[in-house]
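Quick one: sequence and predicted model below, then my questions.
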Amino acid sequence: MRVFASILALLFATPAFATGTVSCESPDQSAFVGLTVGSVPGAAIVGAALGFGETQWSIETGDIAVSQAFVEEGRWLIDFVDPNFERVMASVRLVEAIEGEDYVLAGLLSVPGEGAWPLICEGP
């Protein structure tokens, strides 16, 4: 997935206010989500790219926008919409677990009319 690496490289080259990145991929490598999370409290998604099959969208290129994002009690709930904020394009749902020094972040990418993919993540 060279395109995945290229998108993530662009995504991670954001201004200094970005404090963390999350990269997720489906086990079969057919879908990915890359997030850059800002330094304010809560879920400040300042950069994002996602893809499935041959389709790729990002905030940076104006394909999608974040309509809402929440991180609470180990759950990440993020919805992406079209640039006019008229319809949901994709939803990302992640769950994190921490036990001692072990940290796991996993979830799913759901795209209306296209499908849903499990995700295994690294970061933040």
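All right, it came through fine.

can you give me the strands in the protein?
Counting by DSSP state E, the chain has strands at residues 18-25, 31-38, 45-52, 55-58, 65-72, 75-81, 88-99, 102-111, 115-122.

so which of these is the most packed in?
strand 31-38 (a mean of 24; mean count of other CB atoms under 10 Å). C-beta: built from backbone N, CA, C; applies to glycine.

For that strand, which strands pair with it and how are they oriented?
The strands that strand 31-38 pairs with in its sheet are strand 18-25 (antiparallel), strand 45-52 (antiparallel) (by DSSP bridges).

and Leu105, which of those strands is closest to it?
Taking CB to CB, strand 18-25 is the member of the strands paired with strand 31-38 nearest to Leu105, at 6.8 Å.

Could you tell me the angle between that closest one and strand 88-99?
Strand 18-25 and strand 88-99 are oriented at 100 degrees to each other (axes from the mean of the first three to the mean of the last three CA atoms, to 10 degrees).

Return the mean pLDDT over strand 18-25, rounded to an integer.
Confidence over strand 18-25, taken as the mean pLDDT, stands at 82.
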